[in-house]
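Q: Sequence and predicted structure, then a few things I'm wondering about:
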Amino acid sequence: MRHTLAVLVENNPGVLARVAGLFSRRGFNIDSLAVGRTDNPTVSRMTIVVEGDARVLEQVNKQLHKLVDVIKISDITADEFVDRELVLIKVSVDPSLRGEVMQIADVFRARIVDLGKKTLTLECTGNNGKVDAFEESLQPYGIKELVRTGKIAMQRGSRYTGFTERSQKMNGNQED
Amino acid sequence: MEITVAEALVRCFENEKVETIFGFPGGTILPVYNALYDSHIKHVLVRHEQGAMHAADGYARSTGKVGVAMATSGPGATNLVTGIANAYMDSVPLVVITGQVPTSQVGTDAFQEVDITGITMPITKHNYLVKDPKSLPVVMKNAFHIASTGRPGPVLIDLPKDVADAVIDFKYPAHASMRGYRPTFRGHPQKINEAVKLIESSQRPVIYAGGGILNAGAVEELRYLAETINAPVTNTFMGLSSFPGDHPLFLGMLGLHGTRYANLAVTQCDLLIALGARFDDRVTGKIAQFAPQAKVVHVDIDPAEIGKNVLVNVPIVGDVKQVLSRINNAISPKKDHTWLDRVQQWKQEYPLEYSQKEGELKPQYVIEKIYEHTGGKATVATDVGQHQMWVAQYYRFNRPGALVSSGGLGCMGFGLPAAVGAQAGLPGETVILVTGDGSFQMTMQEMATAVEQELPVKVFILNNNCLGMVRQLQEVYYDKRYMATQFKFLPDFEIFARAYGIEAFTARTGNEIDEVVKKALAIPGPVVVNCLVSADENVTPMVLAGKAINEAIDC
């Protein structure tokens, strides 16, 4: 099963290598990993999508906790959450077909961010499934280049993965 | 107070009450050595950086303090790597300082540059590359805190030369503070209650105690629990010396080369109380048949160890000393002897045994003699191989922390430098190294360190003219096709010792060794004893790969 983890880490050089290295040497499979700093410049947030059963996930969680630079981990899979991914796709489009492609873009609420003589570059955000579908519908036109950010996610409503003194205490006594 | 970062580093050591540093100098670490010149901290100059690491490790294991090792950048740093991995696997608290090329050159493949923080990421509890001179005091405070608390481990600090030379306003922080590092010490009260209930309702409990008992200083608590509930105790290799070797409840070591009675007891028990142990593959054998009838209580300071290899009924994350004293407060004594009688019967039926004919010298006999002459109280360092297992089987440890040996990594060459480090931490006490002719040759250059520092380590080489453990594996698994395990040449260890100005003996028979052990222990300085033991002796019993631990064979 795929799990979505929200991980708060120290915004230190090398922290990405620590997390990525841990996953590779323990044989955990990362589906995607997105990272950027939070509203607190000393804290970064990683959204990690990882594949595994309950036992693997328990180890992922515990091993991540052992990294001194990891502040907090939430497995938000079971929660209601909003997840988004951004994709940029460059397709080769003859001017005569532009209209068609722009219609597809409309359906997905994608935007055209660059228009070349023979290419169109589109930007689309959405959850995994939507981005997949968007990619699929552009496939027939010939995708020249594609880049996805990987998923970022956030719990809905009043639940959150933030850094507060309280959350830190709970974090320290995870196993209790 | 304005001082250089290198001077600040030495001040940090003084603040942490560091008394001894093991190291080897070189270009980029020179600012630190320059600062050490004015300090009362003792520096032990080793002959190879690997020796510095193992010596700091031996020092830490035998004294319970944080060990400190130091080396220069590049090859100095990479030579530490084996020792760091060793300390990481065995949870030994160390702070390691490496020099680094100046920050302006980092990443340019400069002379003696290596990315040691990158290299050691998987084998340190944490590591730092110090780029901001002002951060050094906080980094040091945190490093000592991380190394010594929770599940202990090595922490490496990489210090570029220009940072070491920078001037800062030094103030040592009173407390370490990291929002991502807060080990859990107190076990969960509800889980402790569950454990107590399980223990009280069990008919056939076995305590399986590991190195965590020694790290937590929970020796008394372990003994109290065992005696109160009448439970036999088996040790992991790392746990040896945490329970008296001559105690009637003691079953010796379990697992691959464990005693048959320990392995039988674990296989038959209905409750396994795992304390500061990690269900290592050398302990469990075929994991599906490990303690198949047992419910499992697992106490460990490291949550990641719980549920990693086996399913656990009552997981308790916490300091094993604190958890045990709570369990002990709640537990009521057990009077029933049925289970113990059965275990005692196994002990009678399946003792560890070997036979030594007139004119022979069996390695096990050497260990028994060393035990007799030291009462199980000496600090015994070992290398890795057959001799190590014979120490585990035949030296009945009677003092907590007395075994200094490479368990998890199984690192040949650990012994001599570790013994040197242990002796540096325990002046005036008997430190014995039991090694093999293979292991000893890996780091025997550290004999010079022992002599220079006047560390009277007693070295017993169980010399069988081969790499015994590997030879045994070839005998059992590869049809006696002995490839690269038998030495065609060995140095004369007596002459070797004399080259270092050390007294040496050679023993060939059982009669000789008795006398030699006595003599060697009486000599005030270092001694080398070359024990010419039977070459074809095997460590037995042995659980073959993929088998359950109650299916051990004699070999």
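A: In hand now; what should we look at?
Q: Quickly note the distance from whatever residue of the stretch 101-250 of chain B ends up closest to chain A to B:Leu324.
A: Nearest residue of the stretch 101-250 of chain B to chain A, counting by C-beta to the nearest C-beta: B:Arg182, 3.3 Å away. Placement of C-beta: from N, CA and C, glycine included. Distance, B:Arg182 to B:Leu324, using C-beta to C-beta, to the nearest Å: 22 Å.
Q: which one of those two has more residues nearby?
A: B:Leu324 (29 against 17; other C-beta atoms under 10 Å in any protein chain shown).
Q: Run through the residues that contact residue 80.
A: As the question left the chain open, I've gone with chain A. A:155-157 (C-beta atoms under 8 Å, 6 or more residues apart in numbering or on different chains).
Q: Chain B was what I was after
A: Applying C-beta under 8 Å, 6+ apart, the residues near B:Leu80 are B:49-50, B:52-53, B:69, B:71, B:96, B:98, B:116.
Q: likewise B:Gly276?
A: Per C-beta under 8 Å, 6+ apart, neighbours of B:Gly276: B:209-216, B:218, B:239, B:299-301, B:320.
Q: 6 Å instead, please
A: Contacts for B:Gly276 (C-beta atoms under 6 Å, 6 or more residues apart in numbering or on different chains) come out as B:210, B:212-213, B:320.
Q: any idea how far chain B is from the residue sitting nearest the centre point of chain A?
A: With distances taken as C-alpha atoms, centre = their mean, the residue of chain A nearest its centroid is A:Lys151 (1.9 Å). According to C-beta to the nearest C-beta, to the nearest Å, A:Lys151 and chain B sit 23 Å apart.
Q: Next one: that residue from A:Leu86, what distance?
A: 10 Å.
Q: these two touch, right, B:Ile207 and B:Ala274?
A: No. Assessed by C-beta atoms under 6 Å, B:Ile207 is found out of contact with B:Ala274, at 8.3 Å.
Q: and the residue nearest to B:Thr103 when sequence neighbours are not counted, backbone torsions?
A: Excluding the flanking residues, the one nearest B:Thr103 by C-beta to C-beta, 6 or more residues apart in numbering or on different chains is B:Pro160, at 4.7 Å. Per-residue torsions, B:Pro160: phi -60, psi 150 (degrees, to the nearest 10).
Q: give me the number of residues near B:Pro160?
A: 24.
Q: Tell me how chain B divides into domains.
A: Chain B breaks down by automatic domain parsing into domains covering B:2-169, B:189-349, B:363-532.
Q: next one: chain A
A: Using automatic domain parsing, chain A is parsed into the domains A:2-79+A:159-172, A:82-152.
Q: pLDDT value on the residue of the stretch 101-250 of chain B closest to chain A, please?
A: What the model reports for B:Arg182 is a pLDDT of 93.
Q: same deal with A:Asn171?
A: 43.
Q: picking that back up, would you convert the contacts of B:Leu80 into a markdown table that also reports secondary structure, distance to chain A and pLDDT?
A: Below are the contacts of B:Leu80 laid out as a markdown table (DSSP: H, G, I helix; E, B strand; the rest coil; distance: C-beta to the nearest C-beta, whole Å; pLDDT from 0 to 100):
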| residue | secondary structure | distance to chain A | pLDDT |
| --- | --- | --- | --- |
| B:Glu49 | helix | 23 | 98 |
| B:Gln50 | helix | 23 | 98 |
| B:Ala52 | helix | 24 | 98 |
| B:Met53 | helix | 21 | 98 |
| B:Ala69 | strand | 20 | 98 |
| B:Ala71 | strand | 21 | 98 |
| B:Val96 | strand | 15 | 98 |
| B:Thr98 | strand | 15 | 98 |
| B:Ile116 | helix | 12 | 98 |
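Q: closest to B:Leu156 among those?
A: Ranked by distance to B:Leu156 (C-beta to C-beta), the contacts of B:Leu80 are led by B:Val96 at 4.5 Å.
Q: What about the closest one, how many residues nearby?
A: Neighbourhood size, B:Val96 [other C-beta under 10 Å]: 30.
Q: B:Lys357 too?
A: 9.
Q: Helix or strand: which one has it?
A: According to DSSP states H and E, B:Lys357 maps onto no helix or strand at all.
Q: quick one: it from A:Lys66, how far?
A: In terms of C-beta to C-beta, B:Lys357 sits 52 Å off from A:Lys66.
Q: next one: B:Gly245
A: With C-beta to C-beta as the criterion, B:Gly245 and A:Lys66 are 33 Å apart.
Q: Tell me who's in contact with B:Asp109.
A: By C-beta under 6 Å, 6+ apart, B:Asp109 has no neighbours at all.
Q: Swap in 10 Å and give it another go.
A: B:Val101 (C-beta atoms under 10 Å, 6 or more residues apart in numbering or on different chains).
Q: One more: B:His175?
A: B:141-142, B:145.
Q: and it, that's in a helix?
A: No. Going by DSSP: H, G, I helix; E, B strand; the rest coil, the assignment for B:His175 is coil, not a helix.
Q: okay, it: pLDDT?
A: If you check B:His175, the pLDDT there is 96.
Q: Quick check: phi and psi at it.
A: phi -130, psi 150.
Q: From B:Val18, how far out is it?
A: 18 Å.
Q: How about B:Met412?
A: For B:Met412 relative to B:Val18 (C-beta to C-beta), the value is 29 Å.
Q: more crowded one of these two?
A: B:Met412 (23 against 19).
Q: For the stretch 351-500 of chain B, just list every one of the helices.
A: For the stretch 351-500 of chain B, applying DSSP state H, counting those that start in this stretch gives helices covering B:363-374, B:386-394, B:415-425, B:437-443, B:447-452, B:468-477, B:493-499.
Q: go on, chain A?
A: Counting by DSSP state H, one finds helices in chain A at the ranges A:15-25, A:54-66, A:98-107, A:128-138, A:165-172.
Q: Any chance of CSV for these, columns distance to A:Glu145?
A: Formatted as CSV, those follow (distance: least, C-beta to C-beta, whole Å):
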stretch, distance to A:Glu145
helix A:15-25, 24
helix A:54-66, 32
helix A:98-107, 15
helix A:128-138, 11
helix A:165-172, 40
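Q: who wins for proximity to B:Ala294 among those?
A: helix A:54-66 (19.5 Å).
Q: So is that closest one next to chain B?
A: Yes. Applying C-beta under 10 Å from any C-beta of the partner chain, one finds helix A:54-66 in contact with chain B at A:55, A:58-66.
Q: which parts of that helix are buried?
A: A:56-66 (16 or more other C-beta atoms under 10 Å in any protein chain shown).
Q: mind listing which of the contacts of A:Glu80 are in strands?
A: Using DSSP state E, the members of the contacts of A:Glu80 that fall within strands are A:Gln155.
Q: Tell me which of the contacts of B:Gly276 fall in strands.
A: Among the contacts of B:Gly276, no member falls in strands (DSSP E).
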